[in-house]
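A.B. asks: below: sequence and its predicted model.
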Amino acid sequence: MANKFVVATTDMTYVGPGGSSVTAPRKSVSAPYQAMNSGFIDVPALAEKDVSYDIPFGKIKTSATAVRIDNNTDVRLCVKIGEAAAPSHTIPPGGSQLIVSPVVDAGTVPGPLTAIAVVLGAAVTLAGTVDYWVFGDPTA
């Protein structure tokens with residue numbers, strides 16, 4: 001059973017009408033976890049388009065409650081969640097994806113969050129990394 005919490009907080013500011021600075025309300029989501037895995041995947045220079053990299057979930061077997069992926073390459077990453085046959089979206093160079101849930105959502109399609117793969121959307125020019133943080137519970 002999860003006995004720790006990761007908190008993801010989002011702050012947003014933007015330029016509004018008349019050049020004014022607008023700040024959206026801060027949003028924090030707390031997600032329970034017991035196991036976590038973090039690190040990075042090296043993406044070598046000249047890696048070819050369509051090369052796939054699995055995000056390591058480590059001991060998280062039932063479902064992740066929080067995942068962050070940072071794209072530190074010079075190409076977009078196509079994201080495949082679970083056993084999906086095709087990517088659902090992309091992360092541009094320098095971009096991030098954040099998924100945070102206050103509960104394990106086993107009823108989602110395509111099912112519990114137990115796997116994510118990123119696929120190179122084009123051939124890489126410069127070496128880079130895909131950084132990741134995965135939090136969840138190793139048992140139900």
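C.D. replies: That came through, no problem.
A.B. asks: going forward, measure contacts between C-alpha atoms and count neighbours the same way
C.D. replies: Will do.
A.B. asks: in its sheet, what does the helix or strand hosting T129 sit against?
C.D. replies: Using DSSP states H and E, T129 falls within strand 128-137. Applying DSSP bridges, strand 128-137 is found paired with strand 35-43 (antiparallel), strand 63-72 (antiparallel).
A.B. asks: roughly how far is the shortest one from the heart of the chain?
C.D. replies: The one in question is strand 35-43. Computed by Cα atoms, centre = their mean, to the nearest Å, the chain-centroid distance of strand 35-43 equals 11 Å.
A.B. asks: C-alpha coordinates for the helix or strand encompassing V22, PDB please?
C.D. replies: V22 is part of strand 21-33, with elements assigned from DSSP H and E. Taking C-alpha atoms only, strand 21-33 is exported to PDB below (Å, rounded to 0.1, in the frame of the first residue of the first chain):
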ATOM      1  CA  SER A  21       0.700  39.900 -16.900                       C
ATOM      2  CA  VAL A  22      -1.900  37.300 -15.900                       C
ATOM      3  CA  THR A  23      -1.400  34.500 -13.400                       C
ATOM      4  CA  ALA A  24      -3.700  31.500 -13.400                       C
ATOM      5  CA  PRO A  25      -4.600  29.800 -10.100                       C
ATOM      6  CA  ARG A  26      -1.900  27.400  -8.900                       C
ATOM      7  CA  LYS A  27      -2.900  23.800  -9.300                       C
ATOM      8  CA  SER A  28      -1.400  21.000  -7.100                       C
ATOM      9  CA  VAL A  29      -2.200  17.300  -7.400                       C
ATOM     10  CA  SER A  30      -1.000  14.900  -4.700                       C
ATOM     11  CA  ALA A  31      -0.400  11.300  -5.900                       C
ATOM     12  CA  PRO A  32       0.300   8.300  -3.600                       C
ATOM     13  CA  TYR A  33       3.200   6.000  -4.300                       C
END
